[in-house]
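[1] A structural model of the following input is requested.
(chains A and B)
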Amino acid sequence: MKFATFNVNGIAARQPRLLEWLDEAKPDVVGLQEIKCEDDRFPARAFEALGWRVATHGQKGFNGVAILSRFPLNDVRRGLAGDASDDQARWIEAKVEGVRFVSLYLPNGNPAPGPKFDYKLSWMERLSRRATELLATEEPVVLAGDYNVCPTDADVARPQEMADDALCRPESRGAFRALVAQGWTDAIRARFPAEEIYTYWDYQAGAWAKNWGLRIDHLLLSPAAADRMNTAGVDREVRAREKASDHVPAWVELR
DNA sequence: ATGGTCGGGAACCGA
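    Sure thing, here's the model as predicted:
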């Protein structure tokens, strides 16, 4: 079973590229982020016609997450608990073939400090609480998504320039480190312990051509899932294509 | 030092 995460930066603009990658990479379950549309505007039929099950948690213009699956999606839950006033669509989870799979879009948090950074950190506290609940089930869980956190300087092409950015600030990294320390395995870093691996390159300033990338898309595995990890990867070549997202897919295979 | 590029949706915000 191959589980992937892909921030598409607008499903309307990315549908051809997404369909192309699905055909090539043949994942079984995919978490999408930044679909940037309401549920009824998501082109579900185009995916269903190819055999995909589709669950969305959309929002007009911004954010929005979804799950595509080759297998039935059960117990679909939308939204991250802990703040009834939060109306941003950043969390969807479902159970697929005995695995609980989450597609999450963690707030960017810039500019920092400020209210957006405060929202990021409070969102991470809520994520931590849900992650604790999920670990307690002792079931295989895959927490996949755009975390908007570079865990260490090894995940940043230009760490000095990014030091004060919300993606790299010590508060963001500390919260991510505490989350992982609950007992999660960072699948990509586990597969590539010492390599330079990025999942995002800014559209601006020729970042892709200069390989000024960031590793911010992660798949965290519960112990029961990590025990089943076969391999993991990042499909970086996708970034070079016409009309590419600024993110590329990351994935993990579980036995 | 500054501005550089996209997507959504229809002027600018978010990233």
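[2] From now on I want contacts and neighbour counts done on CA atoms only, so please keep to that.
    Fine.
[3] Could you check how far the residue of the stretch 151-255 of chain A found nearest DNA strand B is from residue A:26?
    Nearest to DNA strand B, among the residues of the stretch 151-255 of chain A, is residue A:204, at 3.6 Å (Cα to the nearest atom of the strand). As judged by Cα to Cα, to the nearest Å, residue A:204 and residue A:26 stand 30 Å apart.
[4] Likewise for residue A:105?
    Taking Cα to Cα, one finds residue A:105 at 23 Å from residue A:26.
[5] Looking at these two, which is more packed in?
    residue A:105 (25 against 15; other Cα atoms under 10 Å).
[6] Quick check: beta-bridge partners of that one?
    Note on residue A:105: beta-bridge partners residue A:146, judged by DSSP bridges.
[7] pretty sure it contacts residue A:63?
    Yes: Residue A:105 lies in contact with residue A:63 (Cα atoms under 8 Å); the separation is 7.4 Å.
[8] shared neighbours of those two, which are they?
    Residues touching both residue A:105 and residue A:63 by Cα atoms under 8 Å, 6 or more residues apart in numbering: A:33-34, A:90.
[9] Let me know the closest of those to DNA strand B.
    residue A:34 (8.3 Å).
[10] Can you tell me the closest non-neighbouring residue to the closest one?
    residue A:63 (4.4 Å; Cα to Cα, 6 or more residues apart in numbering).
[11] List the contacts of the one you found.
    Contacts of residue A:63 (Cα under 8 Å, 6+ apart): A:33-37, A:88-90, A:105.
[12] For stretch A:112-131, give the mean pLDDT please.
    For stretch A:112-131, the mean pLDDT works out to 98.
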